[in-house]
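Asks: Got a sequence here, can you model it:
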Amino acid sequence: MATAAETASEWDIEKIDVPAYLERIGYTGPIEPTVETLSALQRAHILAIPFENLDIILGRGIQLELESIQDKLVTRGRGGYCHEHNLLFAAVLERLGFSLTRLLCRVRLGNAPGQVQARSHSVLIVDVDGQRYLSDAGYGCLGPLEPVPLIDGAVCKQDGWEYRIQQEGPITALQMLNNGTWVDSVAFDTTLFHPVDFTMANFTSSNYPRSPLVVALFTQTVMEGEDGIVRKALFGKNIQDFTTNGIANQHALSPAELVVELRDTMGIRLTEEDIKQIEERG
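Replies: Reported below is the predicted structural model:
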């Protein structure tokens, strides 16, 4: 996999404040570039920073410059969507000495047979000790909490959830076990991408009228519960839990309840202006 073009100057990784990021995700463990560090960082990131599209829904747009992402997700305590998460996570990893490649990929979850989506999602391929891992800090509550080894057919068990890699010629697919059935999550190849490619993917995802991120409020979080990991999602005005057996505890929210769930359950730091606009939307 080619990585020669992925230089510090191209991705602006020198602009990331690593100590501030580690404080944001509550991580105090080792930072040497090992698979154990990668796993711990990805888990801490996902548990600390939610997936959310508030800026899209409120008409503010999404900026992918690293300083803007850092200000939003680290300094202001907000969440973000896939490109924001993974570009931030990639910069931190590279600053810590990891070797990685940023990829754009196609979401397959929920697709009809044969349906092909645009490259609207992003993932990272991280090389550690001669092994490649799929690392994704920005898929939301259904994604792996830790990296998945890129080994065809190998099942990776995480907190009661199971994932595996399926090779389809030059295409690699990540699958998840849902209600006893393996379903495709994302698919990608080894095309080399540059910041401008992410800019175009971001523009489409945050502006195309039929993009799921444009259609409705879409927030997700993963948290530690009394009985293990809890995965929650909010679509429009409905909140629900995701389990390995499907959706549970689904119910609708009033505008006031929506604000409470965004702030207290999803962990999104809201300003008074945020709350006003959310309530005005109904």
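Asks: okay but Leu142 is in contact with Gln175, surely?
Replies: No. Checked against Cβ atoms under 8 Å, the pair Leu142 and Gln175 is beyond contact range at 11.6 Å. Glycine gets a C-beta too; all of them are placed from N, C-alpha and C.
Asks: neighbour count winner among these two?
Replies: Gln175 (21 against 18; other Cβ atoms under 10 Å).
Asks: list the helices and strands whatever helix or strand the more buried one lives in packs on?
Replies: Element membership for Gln175, per DSSP states H and E: strand 171-178. Strand 171-178 sits against strand 161-168, strand 181-188, with contacts defined as 3 or more Cβ pairs under 8 Å, 6 or more residues apart in numbering; DSSP states H and E.
Asks: got any residues that touch both of Leu142 and Gln175?
Replies: With contacts defined as Cβ atoms under 8 Å, 6 or more residues apart in numbering, the residues shared by Leu142 and Gln175 are Ser185.
Asks: can you count the residues close to Leu109?
Replies: 17.
Asks: okay, it: pLDDT?
Replies: Leu109 carries a pLDDT score of 92 in this model.
Asks: circling back: with distance to Gln220 and mean neighbour count added, can I get the helices and strands packed on strand 171-178 in JSON lines?
Replies: Shown next, in JSON lines, are those (distance: least, Cβ to Cβ, whole Å; neighbours: other Cβ atoms under 10 Å):
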{"stretch": "strand 161-168", "distance to Gln220": "14", "mean neighbour count": "16"}
{"stretch": "strand 181-188", "distance to Gln220": "14", "mean neighbour count": "18"}
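Asks: Quick one: closest of these to Arg60.
Replies: strand 181-188 (26.5 Å; Cβ to Cβ).
Asks: What lies in contact with the closest one?
Replies: With Cβ under 8 Å, 6+ apart, strand 181-188 has contacts from 103-109, 111, 121, 123, 136, 139, 142-143, 163-164, 166, 168, 171-177.
Asks: Now do that strand and strand 171-178, the angle between them.
Replies: Angle, strand 181-188 to strand 171-178, by axes from the mean of the first three to the mean of the last three Cα atoms, to 10 degrees: 150 degrees.
Asks: CA-only coordinates of strand 181-188 in PDB, if you can.
Replies: In PDB, the C-alpha atoms belonging to strand 181-188 read as follows (Å, rounded to 0.1, in the frame of the first residue of the first chain):
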ATOM      1  CA  THR A 181     -26.100 -13.000  10.300                       C
ATOM      2  CA  TRP A 182     -22.900 -11.600   8.900                       C
ATOM      3  CA  VAL A 183     -23.600  -8.300   7.200                       C
ATOM      4  CA  ASP A 184     -21.300  -6.000   5.300                       C
ATOM      5  CA  SER A 185     -20.400  -2.800   7.100                       C
ATOM      6  CA  VAL A 186     -17.900  -1.000   4.800                       C
ATOM      7  CA  ALA A 187     -15.700  -1.800   1.800                       C
ATOM      8  CA  PHE A 188     -12.500  -0.300   0.500                       C
END
